[in-house]
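K.L.:
sequence and predicted structure below; questions after.
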Amino acid sequence: MKALLILIGGLAMAFAISLDTNDKYAKMEMDMATDIEADIEADIEINSNNNMTATPLEDIDLEYVHKECFPWGIHEYCYFPHTSVSWGDAETICQRWGGHLVSINSKHERDYLHKRLYRRPDYWIGFVDNSGTNTGYQWTDGSGGFTFWHGGQPDLRGQQMCGRVWAHHGTWDNLQCWHGQRVLCKQFLRI
Ligand SMILES: [Ca+2]
């Protein structure tokens, strides 16, 4: 009888230890999941950080600057997620790369880019109003025919003459050209 009691006691203890161990593993898994979620949140915060201070072009080593390139149709796009420059310097960067600041010529193209760059910092597009009237916007690559302004934009006629995309909405806004924004270039695919 005593041996039986000892055996039952031992089994109960082993069961309790097993439960305790399972709890520990469950807690570890929860902690790891929380850590991963925190990493993702931090990443989004970094990616959506809209630093509007322009870095002078001469301070940027274009050969090594981080860029993310992706093809779509007959075009290739390159996005510079950590480079914040004035509109003029952005167009210069794109021309040195072989293209222009991005033009967006259809809803299809707009939807594609919105999916790629959603939750990223806002970026310049090659849409500029040299007339200062808010009615003379033209693409630097000579294309045209499609607009996707945010409601109420373009505004501040004669002050905000350069186009950008609000990445979160995928809609366009005009802004003073000297502000720093990220760069999105577009060129024909080199075959
Ligand atoms: Ca505006």
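P.N.:
Now that the structure is in, tell me what you want to look at.

K.L.:
kindly report the residues of the chain close to the ion.
P.N.:
Within the chain, the positions near the ion by Cβ under 5 Å from the ion are D155, Q160, D173, N174. (C-beta placed from N, C-alpha, C; glycine too.)

K.L.:
what residues are up against F146?
P.N.:
By Cβ atoms under 8 Å, 6 or more residues apart in numbering, the residues touching F146 are I104, N105, S106, K107, R110.

K.L.:
tell me if it really is in a helix.
P.N.:
No - according to DSSP: H, G, I helix; E, B strand; the rest coil, F146 belongs to no helix; its state is coil.

K.L.:
what's the pLDDT at the residue lying closest to W72 once chain neighbours are set aside?
P.N.:
Among residues not flanking W72 along the chain, Y112 sits closest, at 5.7 Å (Cβ to Cβ, 6 or more residues apart in numbering). Y112 carries a pLDDT score of 97 in this model.

K.L.:
where does Y112 land in three-state SS?
P.N.:
Per three-state DSSP, Y112 ends up helix.

K.L.:
any idea how far the ion is from it?
P.N.:
24 Å (Cβ to the ion, to the nearest Å).

K.L.:
neighbours of that residue, how many?
P.N.:
Neighbourhood size, Y112 [other Cβ atoms under 10 Å]: 16.

K.L.:
drop anything exposed from the residues of the chain next to the ion.
P.N.:
Q160, D173, N174 (16 or more other Cβ atoms under 10 Å).

K.L.:
would you say the second one is within a helix?
P.N.:
By that I understand D173. No - with three-state DSSP as the criterion, D173 is strand rather than part of a helix.

K.L.:
for beta bridges, what are the partners of it?
P.N.:
Per DSSP bridges, the residues bridged to D173 are R164.
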